[in-house]
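In: structure for this input, please:
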Amino acid sequence: MRLEKTDSAKLLYEKAIELNNKYYPSYNNLGLYYDRFGEKEKAFEFYKKALKLEPNYPNSLNNISESFRSIIRLVFFEDPTKRFPIHILQQ
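Out: Have a look, this model is predicted:
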């Protein structure tokens with residue numbers, strides 16, 4: 001049941017972006033969705049999109065820093081076989 005609600009929320013955020021691609025909270029919330037399911041790089045991309053639209057949005061600022069820390073921790077400390085996803089730093 002909980003997964004269904006989470007998937008429904010994802011669809012709603014995607015629809016919100018489709019209706020208004022300038023609504024930055026939806027990008028942030030999609031980032032949270034992907035973060036929750038371990039897709040850190042994808043989450044990072046959505047936080048970046050939110051911050052391009054609203055550079056001072058505190059939720060995205062916090063989330064992108066946490067996401068970046070998670071990626072750094074994974075690559076450098078938990079799984080050294082992984083390569084750093086340098087493309088996330090590019091615009």
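In: for A43, give me the pLDDT.
Out: A43 carries a pLDDT value of 93.
In: show me the contacts for it.
Out: 31-35, 63, 67 (CB atoms under 8 Å, 6 or more residues apart in numbering). C-betas here are computed from N, CA, C, even on glycine.
In: redo the residues you listed as JSON lines? Include distance to K5 and pLDDT.
Out: Listed next are those as JSON lines, based on distance: CB to CB, whole Å; pLDDT from 0 to 100:
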{"residue": "G31", "distance to K5": "18", "pLDDT": "96"}
{"residue": "L32", "distance to K5": "14", "pLDDT": "95"}
{"residue": "Y33", "distance to K5": "11", "pLDDT": "95"}
{"residue": "Y34", "distance to K5": "16", "pLDDT": "94"}
{"residue": "D35", "distance to K5": "17", "pLDDT": "92"}
{"residue": "N63", "distance to K5": "20", "pLDDT": "96"}
{"residue": "S67", "distance to K5": "23", "pLDDT": "87"}
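In: just give me the closest of the residues you listed to K52.
Out: G31 (12.6 Å; CB to CB).
In: thinking again about what came up before, and the contacts of A43, which two are furthest apart?
Out: Y33 and S67 (12.3 Å).
In: the more surrounded of those two?
Out: S67 (25 against 19; other CB atoms under 10 Å).
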